[in-house]
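Q: sequence isn't available, so here's the structure alone:
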């Protein structure tokens, strides 16, 4: 759903009161293990606190290996990835548990956002990226996530369909890495694999403080955060066609300049922040009673922030 949704979020973080700017100007207190890498084409950062330095280094190696494995499932930039094979063949036999999990989460987000989160917009994305107006019109009938069949033994697409998981995969990967680190004994750790997920706060009584692009702050302690900026990438040089595509109309548009979602899961927050970027305030309010623990913060084009809980 996006070419590059990196938000340039900043973090006033971590250990012993150190101040951090994520991901490019990181300064960590002594004893913290700080790792920088790439996931799904975006820069990533991990601030790891672990009582055993040897175990911490082993966890970082595991993280690198797990990122490579997950990217081989979800990326569109490798012809042999599970997602690329699904789009090429129209079906995927014996999908991995991670592919199934991400698609099931996508289906839940599709329902929760009234269909606004829709991974099947990939044909429209390709048409807009090519600047081909005629191709945009031809691609519209291929959009509709409800036509994707998701079973434990196979995934099946209708004719002409293709999926992108760029609106959920970074959050899903963030959660998987968080689970790996938590199981390995990590404490007071911040995971940024495209979206944020915190293990504890930065200290026993102090949450991680994430400064949002355009203003505002989110506090994280055992919580996740995802942000979508509609014009983080645009299809045209003038900025009239933001990266988000409305599956109902085929138009490249957005209701908000920025949408941030706090939730228990980064994958959930990632998908909701994408879908709610296409939703008016009334639709967000109507959805939230069915989304316990979710907080939505939006920024309009005039720079005014609104919060929905």
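A: On my side now, so go ahead. This structure is a prediction, so every number in the text was calculated from the model and none was measured. Residues are numbered from 1 along each chain as shown.

Q: where exactly do the helices run in the stretch 1-150 of the chain?
A: 53-74, 82-89, 97-112, 122-130, 133-139 (DSSP state H, counting those that start in this stretch).

Q: can you report phi and psi for the residue lying closest to residue 148 once chain neighbours are set aside?
A: Counting by C-beta to C-beta, 6 or more residues apart in numbering, residue 148 lies nearest to residue 157, which is 6.0 Å off, once chain neighbours are set aside. To be clear about C-beta, it is placed using only N, CA and C from the backbone, and glycine gets the same treatment. Residue 157 has phi and psi values of phi -100, psi 150 when expressed as degrees, to the nearest 10.

Q: show the contacting residues for residue 157.
A: By C-beta atoms under 8 Å, 6 or more residues apart in numbering, residue 157 lies in contact with 86-87, 90-91, 147-149, 163.

Q: I'd like the helices of the stretch 1-150 of the chain as a markdown table, with mean pLDDT, mean neighbour count and distance to residue 296 appended.
A: What follows is these, written out as a markdown table (pLDDT from 0 to 100; neighbours: other C-beta atoms under 10 Å; distance: least, C-beta to C-beta, whole Å):
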| stretch | mean pLDDT | mean neighbour count | distance to residue 296 |
| --- | --- | --- | --- |
| helix 53-74 | 95 | 16 | 25 |
| helix 82-89 | 98 | 18 | 28 |
| helix 97-112 | 98 | 19 | 11 |
| helix 122-130 | 96 | 20 | 24 |
| helix 133-139 | 95 | 15 | 29 |
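
Q: now render those helices as JSON lines, adding distance to residue 280.
A: Formatted as JSON lines, these follow (distance: least, C-beta to C-beta, whole Å):
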{"stretch": "helix 53-74", "distance to residue 280": "30"}
{"stretch": "helix 82-89", "distance to residue 280": "31"}
{"stretch": "helix 97-112", "distance to residue 280": "15"}
{"stretch": "helix 122-130", "distance to residue 280": "21"}
{"stretch": "helix 133-139", "distance to residue 280": "23"}
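
Q: mind checking pLDDT for the residue nearest to residue 148?
A: Per-residue confidence (pLDDT) for residue 157: 98.

Q: distance check, it against residue 259.
A: 28 Å (C-beta to C-beta, to the nearest Å).

Q: cool, and residue 225?
A: 11 Å.

Q: and the residue nearest to residue 148, how far from residue 119?
A: When residue 157 is compared with residue 119 (using C-beta to C-beta), they lie 11 Å apart.

Q: mind listing what residue 251 touches?
A: Residue 251 makes contact with residue 245, according to C-beta under 8 Å, 6+ apart.

Q: for residue 201, grab phi and psi.
A: Dihedral angles (degrees, to the nearest 10) for residue 201: phi -90, psi -170.

Q: spit out the contact partners of it.
A: 188, 207-208, 220-222 are the contacts of residue 201 under C-beta under 8 Å, 6+ apart.

Q: that's all I had, so thanks and see you.
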